[in-house]
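[1] What follows is a protein structure lacking sequence information:
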């Protein structure tokens, strides 16, 4: 009886602790070697993940930098016209990207910056440079897909699987 109570308490604690775990790796800002700079002043707030896919072509980029800092935002995009089937595990090479946006914005009085970006269908690479020699640029990869095409591919896969089962069931 005592063992069951202890096991129930441990199971309950595991379930409560497990709900607070985040599965996405946050975007980290790194400094170059031997740099003496406070990285806590620089942060990318949204998007929260450095690599993800979405059906939404509009992105609100938000971040934090010291007031008055200039932040360079470059957006590169590529569509799969070559039929090489680019995805998040098979990214295009540097020569396959086309620069879509190259803009410098200034962080406001409270130290925040934002930029509304319209992404292209396919793979998008966003490079955020804080304009400091000691801070490495941040790279974010976003795959924008068409939901109707993806849903059609899923439906076709299901139809093929069911049709392959019918001859097996008839035997």
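    The structure has been received and is ready for your questions. Owing to the predicted nature of the structure, the values given are computational and were not obtained by experimental measurement.
[2] could you pull out the helices for this structure?
    Assigned by DSSP state H, the helices in the chain fall at 2-18, 147-170.
[3] Where does pLDDT dip in the chain?
    For the chain, the stretches with pLDDT under 70 are 18-26, 80-84, 149-171.
[4] same thing but at 90, please
    1-41, 53, 55, 78-97, 121-122, 131-135, 143-171 (pLDDT under 90).
[5] those strands in it, which residues are they?
    Remark: strands assigned in the chain by DSSP state E are 43-46, 51-54, 58-64, 70-78, 98-106, 112-118, 122-129, 138-144.
[6] out of those, nearest to residue 7?
    With CB to CB as the measure, strand 51-54 is the member of the strands of the chain nearest residue 7 (37.7 Å). Backbone N, C-alpha and C define where each C-beta goes, glycine included.
[7] Touching, residue 53 and residue 141? I think so.
    No - contact criterion CB atoms under 8 Å: residue 53 and residue 141 do not qualify, at 9.4 Å.
[8] and for the two, which residues touch both?
    residue 88 (CB atoms under 8 Å, 6 or more residues apart in numbering).
[9] What lies in contact with stretch 39-51?
    Under CB under 8 Å, 6+ apart, the answer for stretch 39-51 is 24-27, 29-31, 59-66, 88, 111-112, 128, 130, 135, 138-142.
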